[in-house]
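J.: Next input, structure requested:
(4 chains)
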2 protein chains.
Amino acid sequence: MGLRMTRERELIVAEVDSFDGHFEPDELLDRMRRKNIRVSRASIYRTLPLLVECGAIKEAVYKDRKTRYERLIGRDHHDHMVCTECGGVIEFVSDEIERLQEAVCKRHGFGIAGHTLEIRGVCRDCSEGKTGASSAGRGNTNSDARS
Amino acid sequence: MGLRMTRERELIVAEVDSFDGHFEPDELLDRMRRKNIRVSRASIYRTLPLLVECGAIKEAVYKDRKTRYERLIGRDHHDHMVCTECGGVIEFVSDEIERLQEAVCKRHGFGIAGHTLEIRGVCRDCSEGKTGASSAGRGNTNSDARS
DNA sequence: GTATTATTGCGACAGAGTCTCAGTTGCCAT
DNA sequence: ATGGCAACTGAGACTCTGTCGCAATAATAC
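T.: Residues are numbered from 1 along each chain as shown, chains lettered A, B, ... in the order given. Next up, the predicted model:
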């Protein structure tokens, strides 16, 4: 019944730690392949949910029906603004919003395990017509100042 | 270049209107099949994004990589609490949270097009050990009082 | 009524993720 | 230290949601 720490899992965890932003399972696999670290796709797909369960990573930024993860350990909680033009992701935090969520849940007797707040729209660069941002910024994560 | 109002699209729109909560494309298809309304799967998959674009429905509650939609017309905006035990969905609204989101986006020069706030956790019934809720409530939508 | 061209339906396809199963290995008890 | 067993791995087949290409059809403009 207990989990085991295998060589493969160590390797996966180490690789996950090397990502700063978001990553997809197959992206992780490719990266390991390129480093000649051989772990099967199935093992990666089996291990990531375990890491979610123990709070090391979480699912984030749902788009085009791929599961995307991001590391939690060593990073602060934040939410996302996703630009529909360039695909860029701005991270932000609002302690007030967090507090309000807790209040609403309390009113409903709902025990919070986690949440995902994703705001879609157009980022400053794209709305100012800097079309260059459209290619340069694709998929980028702009780590951002707190609340 | 212009869109056409076809018989198939009318049928799809009519069926979408008959859903009160969330629905999945294939669920819509099954329902139509059972009523002997013959529309191809491809047409449904092609039509739903059009309805999103014209604001009649929106994508909602991403889970297990299926696209789920919900009707917008005739319904107020709301966010979701999803129970990880029974799969039930509680809808809620908080005008304050909405306001704060706008404020945060304004600070970043980000033009809001829409947002998704999904809180995961355990609903009152499940946390009180009413395991019956686990089967009875699966997938249900509890429409709920405002803020 | 005819021309134009968006739309349909079908079946093939694509891609993310899951499952099966035989072989391997971490871990606990002895 | 070693034997046993359940957890884990890898490979590939499989599932399922969603997309595409193409010939036939039908909505709209003229």
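J.: tell me, which strand in chain A spans the most residues?
T.: Identified as the longest strand of chain A according to DSSP state E is strand A:111-122.
J.: And the next helix or strand past that strand?
T.: helix A:124-127 (DSSP states H and E).
J.: is any part of that following helix close to chain B?
T.: Yes: interface with chain B: helix A:124-127 contributes A:124, A:127 (C-beta under 8 Å from any C-beta of the partner chain). C-beta coordinates here come from the backbone N, C-alpha and C atoms, glycine included.
J.: which other helices and strands contact that helix?
T.: Applying 3 or more C-beta pairs under 8 Å, 6 or more residues apart in numbering or on different chains; DSSP states H and E, one finds that helix A:124-127 contacts helix A:132-136.
J.: need the contact list for A:Gly121.
T.: A:81-84, B:105, B:110-114 (C-beta atoms under 8 Å, 6 or more residues apart in numbering or on different chains).
J.: Closest to DNA strand D out of these?
T.: The shortest approach to DNA strand D among these belongs to A:Thr84, at 15.4 Å (C-beta to the nearest atom of the strand).
J.: Just to check, that closest one is in contact with A:Ile119?
T.: No: A:Thr84 is beyond contact range of A:Ile119, at 10.5 Å (criterion: C-beta atoms under 8 Å).
J.: Look at these two and report which has more neighbours.
T.: Neighbours were counted for A:Thr84 and for A:Ile119 using other C-beta atoms under 10 Å in any protein chain shown; A:Ile119 has more, 23 against 15.
J.: do you know how far that one is from B:Glu102?
T.: 10 Å (C-beta to C-beta, to the nearest Å).
J.: Need the residues touching each of these two.
T.: B:Ile112.
J.: Alongside chain B, which residues does chain A contribute?
T.: Residues of chain A lying close to chain B by C-beta under 8 Å from any C-beta are A:62, A:65-67, A:81, A:83-84, A:90, A:92, A:94, A:96-97, A:100-101, A:104-105, A:108-124, A:127, A:144, A:147.
J.: Which among these count as buried?
T.: A:62, A:67, A:81, A:83, A:90, A:92, A:94, A:97, A:100-101, A:104-105, A:108, A:110-112, A:115-123 (16 or more other C-beta atoms under 10 Å in any protein chain shown).
J.: OK, contacts around A:Glu59?
T.: A:52, A:67-69, A:116.
J.: Run through the bridge partners of it.
T.: A:Tyr69 (DSSP bridges).
J.: Which residues of chain A lie near DNA strand C?
T.: By C-beta under 7 Å from any atom of the strand, the residues of chain A that approach DNA strand C are A:2, A:4-7, A:24-26, A:41-42, A:45, A:49, A:65-67.
J.: show me where pLDDT drops low in chain A?
T.: Within chain A, the stretches with pLDDT under 70 are A:1, A:61-62, A:130-147.
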